[in-house]
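Engineer: Sequence plus predicted model, see below.
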Amino acid sequence: MKSIRELSPQGVLLMLALTSILSYGIGITGKNTAVAVPRAESTQLSQSAQNRPNRLPKSVARAILRDASKRSGVAIRNLEITQFSPKTFGNPCIFQFGEVCTREYNPIQGWEVVVNVQKETWTYHANKSGSQIVLDPKINASVDNKLPKAIADKVLGDASQRSGVKTADLKITQATFKTFGNECHFNFGEVCAEIYQPVEGWEVIVQVKEQSWTYHVNKSGSQIVLDPKVSATTKS
């Protein structure tokens, strides 16, 4: 191979041009290799994140199980969450199991959770953090024989005053924890607007002589309503 001194001026120029092209090509190859690795890793991580199953947060699960246990009287260890799925509820009405809701889009991100309570399945809606939990109001979530004594005393006192029968001769035969759809339902309304503004409380049945009187009581016992169909005559 000839040295640069032995080459003609045209040969020197040709050699310099070839050297420049080869150097430039190596530079491009290096750049593409450096970029390609991170790009491939990024795609792989993204697919892994998308394929990761949605898991119900433990805090939400615990809150739901506590509520189901309180309503049913069944120990938490005997309850089981059988199904859950992340869900976007269109608006608060839908989140609260409203049957007639507007088309307003005011989304709530959360969960639909199914709990096995003895032989029943209870459906809950929970928001993403678990700070709001709503049980399907169609479920008869009874907590019989768990009526607080203070509320029982108020109901019996009201029945005694209306009937003239001593409280000792009255008997609560059934007490069911209930979520009334709204104040109208709570007050035994027969024609109520389908607006879901839940009132948690109790449906209490009292044996008064040969009659059964039905009461609705809110959770704190501050509101007690007797079914207006009951013929309750106050005696002096």
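Structural biologist: All right, it came through fine. Numbers count the residues shown, from 1 in each chain.
Engineer: Now stretch 181-191: average pLDDT?
Structural biologist: Stretch 181-191 carries an average pLDDT of 89.
Engineer: What of stretch 104-112?
Structural biologist: For stretch 104-112, the mean per-residue pLDDT is 93.
Engineer: Pull out the buried residues from that stretch.
Structural biologist: Ile108, Gly110, Trp111, Glu112 (16 or more other CB atoms under 10 Å). (C-beta placed from N, C-alpha, C; glycine too.)
Engineer: Just list the residues touching the most centrally placed residue in the chain, thanks.
Structural biologist: Nearest to the mean C-alpha position of the chain, by CA atoms, centre = their mean, lies Ala126 at 1.1 Å. By CB atoms under 8 Å, 6 or more residues apart in numbering, the residues touching Ala126 are Val60, Ala63, Ile64, Gly110, Trp111, Val113, Gln132, Ile133, Val134.
Engineer: Would you mind reformatting these (as CSV) and adding columns for distance to His216 and secondary structure while you're at it?
Structural biologist: Output for those, formatted as CSV (distance: CB to CB, whole Å; DSSP: H, G, I helix; E, B strand; the rest coil):
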residue, distance to His216, secondary structure
Val60, 30, helix
Ala63, 26, helix
Ile64, 26, helix
Gly110, 29, strand
Trp111, 30, strand
Val113, 28, strand
Gln132, 24, coil
Ile133, 22, strand
Val134, 19, strand
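Engineer: What subset of the residues you listed is buried?
Structural biologist: Applying 16+ other CB under 10 Å to the contacts of Ala126, the neighbour count classes Val60, Ala63, Ile64, Gly110, Trp111, Val113, Ile133, Val134 as buried.
Engineer: sorry, back to before: pick the one among the buried residues of stretch 104-112 closest to Cys192.
Structural biologist: Of all these, Cys192 sits closest to Ile108, with 24.2 Å by CB to CB.
Engineer: could you check the distance from that closest one over to Lys87?
Structural biologist: 9 Å (CB to CB, to the nearest Å).
Engineer: Then Pro148?
Structural biologist: Distance check for Pro148 against Lys87: by CB to CB, it reads 34 Å.
Engineer: Kindly report the same for Asp136.
Structural biologist: 14 Å.
Engineer: who touches both of the two?
Structural biologist: Taking CB under 8 Å, 6+ apart as the criterion, Asp136 and Lys87 both touch His125.
Engineer: neighbours around Gln223, how many?
Structural biologist: Using other CB atoms under 10 Å, Gln223 has 14 neighbouring residues.
Engineer: Same check on Ser85?
Structural biologist: For Ser85, the count of nearby residues is 10 (other CB under 10 Å).
Engineer: Let me know the secondary structure of it.
Structural biologist: When classified by DSSP: H, G, I helix; E, B strand; the rest coil, Ser85 comes out as strand.
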